[in-house]
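*Asks:* Give me coordinates for this.
(4 chains)
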Amino acid sequence: MGYEMTKVVTMKEAVAEHVNDGDFLFIGGYICRTPFAAIHEIIRQGKKELTLTRSNAADDFDMMIGAGVVKRFIATFLSLGFFGLGRCYRRSIEKGVPHKIEVEEYTNLSLPMMLMAGAMGMPFVPVKDMAGSDLMNVKSFMGDDKYKVINSPFDGSLTILVPALHPDVAIIHVQQADELGNAQMWGIGGDCQVGANAAKKVIVSCERIVSRETIGKDPSRTIVPDFRVVAVVEEPFGAHPGYTPGFYDVDFSFGYQYQQASNTVEGFQKFLDEWVFGVKNRTEYIQHYVERFGYSTFRNLQAEFDYGYPVSYTY
Amino acid sequence: MGYEMTKVVTMKEAVAEHVNDGDFLFIGGYICRTPFAAIHEIIRQGKKELTLTRSNAADDFDMMIGAGVVKRFIATFLSLGFFGLGRCYRRSIEKGVPHKIEVEEYTNLSLPMMLMAGAMGMPFVPVKDMAGSDLMNVKSFMGDDKYKVINSPFDGSLTILVPALHPDVAIIHVQQADELGNAQMWGIGGDCQVGANAAKKVIVSCERIVSRETIGKDPSRTIVPDFRVVAVVEEPFGAHPGYTPGFYDVDFSFGYQYQQASNTVEGFQKFLDEWVFGVKNRTEYIQHYVERFGYSTFRNLQAEFDYGYPVSYTY
Amino acid sequence: MKNHPDDYTKPELMACCGAREIRDYDVVLVGTGFPTMCANIASHTHAPNARLMQESGVFDAQPKRPALSVGDPCLNPGAAMIGTLLDIMGMFLQAGWVDVGFLSGSQVDKYGNINTTVIGDYNNPKSRLPGSGGANPMGSLAKKVLIIALHDTRRLAERVDFITTPGYIDGPGARERWGLPPDTGPQVIITNKAVMRFDKATGEAYLATYHPDTSIEEVRENTPWDLKVADDVHETEPPTEEELRVLREVLDPTRKLSAYERRGYV
Amino acid sequence: MKNHPDDYTKPELMACCGAREIRDYDVVLVGTGFPTMCANIASHTHAPNARLMQESGVFDAQPKRPALSVGDPCLNPGAAMIGTLLDIMGMFLQAGWVDVGFLSGSQVDKYGNINTTVIGDYNNPKSRLPGSGGANPMGSLAKKVLIIALHDTRRLAERVDFITTPGYIDGPGARERWGLPPDTGPQVIITNKAVMRFDKATGEAYLATYHPDTSIEEVRENTPWDLKVADDVHETEPPTEEELRVLREVLDPTRKLSAYERRGYV
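*Replies:* Take a look at the predicted model:
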């Protein structure tokens, strides 16, 4: 059938066209498949007053907070993992540098449930966590709509309800997608699928663009259908310094460099100047990486070869 | 690590040990991957007073109703698809033959949502369907707990809540599982995953038992983890006359025979005598099939060869 | 100027009427038979970017034979996405992404309410029908609901015996009172005699167009309520040459639609 | 008679204490470091059928290197199931299938409440910490919660600055009043000086065993509340030869646990 030709654009185009100042963004990833190329582009374009969400935020969110593009954060957690607390996050909250962001606190159960509710058209969902903790005593920009406590109409028991979330834009990075946006993923999922499908628009960043026919060879791997997607960007190595299963490993030494750099405002700024503002796009970023650290370092990140088995959907 | 050896048993053993009279059963399938070997065994063992559920029930539920093993049915739909209304279902409701089953009516949105709630530990979920229809005016064995109407504590709007379901046993048929029950599936999913994970115990019927190592080559295909599973049964051709993607097609002419047979009580009984009571297990069933219809008919059901691509989870 | 051959059958005309309700880029939730045919005619003619899905979990299937059910094996190979019932009914339909849904039923009433549950009394039915399945959520949540029905005084009703799937329920404002999403509801009833649309002010179906071999009077006689007639009522446009070509050469070379003639769609 | 070598480190002892809390067939939700070590010692000794999962979506991983995070690449190849956050936190934890969860925090109080959110005032914190992540749901919903902590009067507290994760909150009955599932809650606090358990009657942690190189007095001095002492208080059983062998030869040949010594676990 005569589908339109393509939604493939550059990351610069995707971010310029679909991410507006003041937008509410879901950004997928869980160290696994972080859409870092998009994050750098958002910073490069100087977007403003964004609201961000994801369960278990990491260096990507820390960097956006440090770069000043974030106003609000619907949060469960933010750290640099093995490298400790998020330096920019701390400076924002503790010292208002570059400014103090507003934080609404949830958990790794309640937040993905809220995204699931958004994805599935449920106005709210009951959750069994948060009860009795100080997470119920702190409310920020969501105010009294952060949660509600009711007595279950079924058995009268105390029940906490949390509201559905509907991000303006979701940005995810996956292994492969076709030109219209059917996006396929494998390995650790985090809250990527519910976050993407909760959003009004989805930007798909991928390691490789494949044919619609290839998608159709294994349709159970698709997590977002094309009609939800507004832009497809092919960004090999797009999750670096995070990883993508089947493609490349986490770059721990780069993570260490980010930690060291972000210890100070000046170091952080220098890091941005080198890795974000100093390059125009992901191609220049990788070029710079190879020049700076050597091709063998780059090559060592490549995944080893260990494929499974193909399956058939025939009858 | 030194896991226990195996949960592999025969279907006779699985049903005898894990399905009790009066149990509430979820039975997976959507023409696709119907666990017919288990259904025949349940009838053969003369289980009693079962409560059944699944979205879009078909010939398998009709057969169990006709065989008299069903007391209650949490329903959305029951038909023989292309072959029209379920004859045994009609006789039960319209004429009380063999007895009148009790039916609680939901939809293909609300019922899988209730199973999802059960699977995810939610006491209830909001749904946007059923409103304004007579589905709200008929209540059976669930009584006032069929649903509740509240004003949303967020915006006051009318909201329908339906309760979580927790079947005693789920029986599903999948392409492959390991000896401890890690079950892998691809193709049309129906409500199989939520139904299985809502249940207290899961019986996994599969086309082939594979090694734990094979499971680990593509862990994103797993829909039920081993600790939820109490029995694993290898039943090649176990979904016949339904189909299993990658293995075999729907047997339409067998479906027609069931329709014709089930037009009368006598014909239905004769069908059971031949295909259920007349054989001891699935092996004898297939033997009888090949003798009755010829090996070429059997062979024609086999899926054509059209495999996709393997993926890697390495780093 | 469009060319309209006149050797078409009634099911072919009805399929074209359904197709014309679909716009380019619509997301269409289909069953088997008529709905699939309508959606495919549309996607082969004026709506190349329409997307089809089946409630069983399939999006953008590429079947090599006509699917006989929404779980048919032929929907698996080549689809763009295969998930679960909840992906389709929850993530796409309940979340508001389905533009068009097709429904049919044993009874359809003037408000577009549909009965697929029982004929007669619910507790002592004359005939037990399959039940809602995906019909109720589709009728509740799809932006445009297209209803296919046989046009006689038994299938059409002043009031269905049982509202399995809500149309406009008991008239204007009822869907809103029940909290059903705004801008949803039945858009059209396509029968073997006519195309009926809904009057927003009353929630009732009225006659929009009558098929070429019938008349306003014949349609009204076969309709068990006092059927209002549109000011601009006119004859239904017959299938175009292009629509018929697609239908017969691409979509239905073995003329499976003719089965509907045997079921009374004449 | 078990043999207890005495060349063990404090982190090794603590890991063994954690392992001993795990029973065969337990489903264990782990983070990285200590929890994984504890669960793996158990599964290599007395609990061969224990199953581990990580909140990121991984069940029964087979990592070839120690995972540095719950989303570590090495958790992918060979796992029995890889799903989503909601599969682990919803389908397994919230649905009541997780037997054991491990937690740690910057502050732990006598009721087993844990703070991983802020030191100081929430709105003007001295130190902003990562937040709940999976800790709150784990502490709310796992059947047995095992807490790992440094034993000093800064990390242990009469009352944490912020309850990120509920232990017994403010005493007996509090979890029940908040609707948390029955038979859940902290089971033990394992520190570098002692193992503390919880008195059901008061919800307070009491001293169950003290580690070999310390004493009841030293433990009480380093605990900022009036620590009750069990009637049968005794010295913690040191690592057995078998536990140490598994730990050093199979699980931690490069002695990564020694990093905890540098963090004060001595």
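
*Asks:* At which residues are the helices of the stretch 101-250 of chain C located?
*Replies:* C:135-141, C:174-177, C:216-221, C:241-245 (DSSP state H, counting those that start in this stretch).

*Asks:* With the stretch 1-150 of chain A instead?
*Replies:* Using DSSP H, counting those that start in this stretch, helices in the stretch 1-150 of chain A cover A:11-18, A:36-44, A:59-66, A:87-90, A:110-119.

*Asks:* ok, now which ones touch residue C:234?
*Replies:* By C-beta atoms under 8 Å, 6 or more residues apart in numbering or on different chains, residue C:234 lies in contact with residue C:209. In short, each C-beta sits where N, CA and C put it, glycine included.

*Asks:* The stretch 151-266 of chain C: strands as residue ranges?
*Replies:* C:156-157, C:186-191, C:194-198, C:205-210, C:228-235 (DSSP state E, counting those that start in this stretch).

*Asks:* To residue B:227, which of those lies closest?
*Replies:* Proximity of the strands of the stretch 151-266 of chain C to residue B:227 was assessed by C-beta to C-beta; the nearest stretch is strand C:186-191, lying at 47.4 Å.

*Asks:* helices or strands next to the closest one in the packing?
*Replies:* On a contact count with 3 or more C-beta pairs under 8 Å, 6 or more residues apart in numbering or on different chains; DSSP states H and E, strand C:186-191 meets helix C:10-20, strand C:144-149, strand C:194-198, strand C:205-210.

*Asks:* now the angle from that strand to strand C:144-149?
*Replies:* Angle, strand C:186-191 to strand C:144-149, by axes from the mean of the first three to the mean of the last three C-alpha atoms, to 10 degrees: 20 degrees.

*Asks:* Strand C:186-191 pairs with which strands, parallel or anti?
*Replies:* For strand C:186-191, the paired strands and their directions (DSSP bridges) are strand C:144-149 (parallel), strand C:194-198 (antiparallel).

*Asks:* if we can go back for a sec, could you dump the helices of the stretch 101-250 of chain C into JSON lines and include mean neighbour count, mean pLDDT and distance to residue A:158?
*Replies:* Output for the helices of the stretch 101-250 of chain C, formatted as JSON lines (neighbours: other C-beta atoms under 10 Å in any protein chain shown; pLDDT from 0 to 100; distance: least, C-beta to C-beta, whole Å):
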{"stretch": "helix C:135-141", "mean neighbour count": "29", "mean pLDDT": "97", "distance to residue A:158": "30"}
{"stretch": "helix C:174-177", "mean neighbour count": "16", "mean pLDDT": "96", "distance to residue A:158": "30"}
{"stretch": "helix C:216-221", "mean neighbour count": "15", "mean pLDDT": "98", "distance to residue A:158": "58"}
{"stretch": "helix C:241-245", "mean neighbour count": "17", "mean pLDDT": "95", "distance to residue A:158": "59"}
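
*Asks:* Turn those into JSON lines, including distance to chain D.
*Replies:* Below are the helices of the stretch 101-250 of chain C laid out as JSON lines (distance: least, C-beta to the nearest C-beta, whole Å):
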{"stretch": "helix C:135-141", "distance to chain D": "22"}
{"stretch": "helix C:174-177", "distance to chain D": "32"}
{"stretch": "helix C:216-221", "distance to chain D": "52"}
{"stretch": "helix C:241-245", "distance to chain D": "44"}
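
*Asks:* For the stretch 151-300 of chain A, which segments count as helices?
*Replies:* Going by DSSP H, counting those that start in this stretch, the stretch 151-300 of chain A shows helices at A:192-198, A:212-216, A:252-262, A:265-272, A:282-293, A:295-300.

*Asks:* Show me what the helix or strand residue C:42 falls within packs onto, helices and strands only.
*Replies:* Assigned by DSSP states H and E, residue C:42 belongs to helix C:34-44. Counting contacts by 3+ C-beta pairs under 8 Å, 6+ apart, helix C:34-44 packs against helix C:10-20, strand C:27-30, strand C:51-54, strand C:100-104, strand C:144-149.

*Asks:* list the helices and strands the fourth one packs on?
*Replies:* Put plainly, it is strand C:100-104. Packing partners of strand C:100-104 (3+ C-beta pairs under 8 Å, 6+ apart): strand C:27-30, helix C:34-44, helix C:135-141, strand C:144-149.
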